[in-house]
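Participant: sequence unknown, structure follows:
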């Protein structure tokens, strides 16, 4: 009988309808596939049982988080090699299951069952989000989702993000550091918002307080930051006290929908709208519009996805939903722009910074890998593996233009029509 790696490679190629582009090493030490690149390691037959019971991305994710799958070599290269199979085939878990049921592939499926060992499958890893309560994107359920993602320890995030504690796309120059690029991003937002001393700024989804501190310290703005994460709020408040900025900044554990002390001169929403969800996005835009004074500005910094041929068929990524951003959704850039306009905003500028996020994520992965043992000790092996895979796969997705990130500058333009923006807000003089 052939070794496990050869059998797995043959089965995978039959099921996928093409050659497996990476080398594979099985639990019995056998290897098969192209040499000279990264190796996908199947450490235990449990991985197969997970994938049989949850065909598609969720089964693979469970095997990865549990440590049943691993990679030797360049993770980015392996993800890039597999991207056509994992993300670009346009197949859902349901269609993959139907493929397994295809009469032409039943023999391969029986062989896979034989390799997988005794059923039923192992329990899902403890890091998987379960027990959600409340309607999708209700205040109660959103609070649970935010806690799952952000309340995993400020020290862990400090490893990944570095001293800036900014969890969003940085703004790079060719030779800049991560800290410099994050500072430049915060300053870019402050300048787009035209912040001045004494302006009231609402920072929606304020994270660990980085934008609030920058706006107050560098521009003299009076800032209210809101987050649903108690750990973030505690960190931000201490940071603000250490900076001597408590007279200018207030951090609240509060849903943005409950903010009722407008008007504000400016609102920043940096990497927060992805949590809102399609069914609530108009409410989000309406709420922020209502909190601004006439002439006030919104800077909405948001990840986008490519439009689907059939938007009704869009499905939330199962790995991201179960392990990273529960209930998170991405919208095409055009839908975001239209919703902001429908709410009454005049969109004055859209800046696409997709390549900047790929650079940012690669730095975060490097930070995590450099302090891997400490990160595992602060959370769990599964949590650290989630973040490594999530960030590396996201970097590849930004590089391949599967997803993007954009800054929308929108104005609550008064009836006079005076937007208050410069005639030439940006100068195009950079070489590619």
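Facilitator: Here it is on my side, so go on. All of these numbers come straight from a predicted model, not from anything done at the bench.

Participant: residue contacts, the nearest residue to residue 69 once chain neighbours are set aside?
Facilitator: Excluding the flanking residues, the one nearest residue 69 by Cβ to Cβ, 6 or more residues apart in numbering is residue 63, at 4.4 Å. Every residue, glycine included, has its C-beta placed from N, CA and C. The contact partners of residue 63, taken as Cβ atoms under 8 Å, 6 or more residues apart in numbering, are 46-47, 50-51, 69.

Participant: redo that, cut-off 10 Å
Facilitator: Counting by Cβ atoms under 10 Å, 6 or more residues apart in numbering, residue 63 touches 42-44, 46-51, 54, 69-70, 122, 125.

Participant: wait, is it part of a strand?
Facilitator: No - read with DSSP: H, G, I helix; E, B strand; the rest coil, residue 63 is helix and lies in no strand.

Participant: Nearest to residue 344 among the contacts of residue 63?
Facilitator: residue 54 (43.8 Å; Cβ to Cβ).

Participant: surely that closest one meets residue 62?
Facilitator: Yes - Residue 54 is within contact range of residue 62, at 6.6 Å (criterion: Cβ atoms under 10 Å).

Participant: Compare those two and say which one has the larger neighbour count.
Facilitator: residue 62 (29 against 21; other Cβ atoms under 10 Å).

Participant: which residue packs closest to that one, ignoring adjacent ones?
Facilitator: Per Cβ to Cβ, 6+ apart, closest to residue 62 is residue 50, 4.6 Å.

Participant: doesn't residue 56 make contact with that neighbour?
Facilitator: No - contact criterion Cβ under 10 Å: residue 50 and residue 56 do not qualify, at 11.0 Å.

Participant: who has more neighbours, the two?
Facilitator: Between residue 50 and residue 56, residue 50 has the larger neighbour count (other Cβ under 10 Å), namely 27 against 18.

Participant: contacting residues for the more buried one?
Facilitator: The contact partners of residue 50, by Cβ under 10 Å, 6+ apart, come to 44, 58-66, 68-69, 116, 121-122, 124-125.

Participant: Check the spacing between the residue nearest to residue 69 and residue 122 real quick.
Facilitator: Separation of residue 63 from residue 122 (Cβ to Cβ, to the nearest Å): 9 Å.

Participant: cool, residue 77 as well?
Facilitator: Per Cβ to Cβ, residue 77 is found 29 Å from residue 122.

Participant: Residue 11 too?
Facilitator: Per Cβ to Cβ, residue 11 is found 20 Å from residue 122.

Participant: higher neighbour count, these two?
Facilitator: The neighbour comparison of residue 11 against residue 122 (other Cβ under 10 Å) goes to residue 11, with 20 against 15.

Participant: For the more buried one, which three-state class applies?
Facilitator: Here residue 11 is helix, with the state taken from three-state DSSP.

Participant: pretty sure it contacts residue 115?
Facilitator: Yes - here residue 11 lies in contact with residue 115, judged by Cβ under 10 Å, at a distance of 7.6 Å.

Participant: Identify the contacts common to the two.
Facilitator: Residues touching both residue 11 and residue 115 (Cβ under 10 Å, 6+ apart) are residue 48.

Participant: Mind listing what's buried along the longest strand that the chain contains?
Facilitator: Criterion DSSP state E: the longest strand present in the chain is strand 292-305. Using 16 or more other Cβ atoms under 10 Å as the burial criterion, the residues of strand 292-305 that qualify are 292, 296-305.

Participant: Tell me the predicted confidence for the residue nearest to residue 69.
Facilitator: Note on residue 63: pLDDT of 95.

Participant: would JSON lines of the contacts of residue 63 with pLDDT be doable?
Facilitator: JSON lines is the format used below for those (pLDDT from 0 to 100):
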{"residue": "42", "pLDDT": "96"}
{"residue": "43", "pLDDT": "95"}
{"residue": "44", "pLDDT": "92"}
{"residue": "46", "pLDDT": "92"}
{"residue": "47", "pLDDT": "92"}
{"residue": "48", "pLDDT": "90"}
{"residue": "49", "pLDDT": "89"}
{"residue": "50", "pLDDT": "89"}
{"residue": "51", "pLDDT": "85"}
{"residue": "54", "pLDDT": "82"}
{"residue": "69", "pLDDT": "96"}
{"residue": "70", "pLDDT": "96"}
{"residue": "122", "pLDDT": "87"}
{"residue": "125", "pLDDT": "92"}
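
Participant: quick check, nearest of the residues you listed to residue 314?
Facilitator: Comparing the contacts of residue 63 against residue 314 with Cβ to Cβ picks out residue 54 as the nearest, at 20.1 Å.
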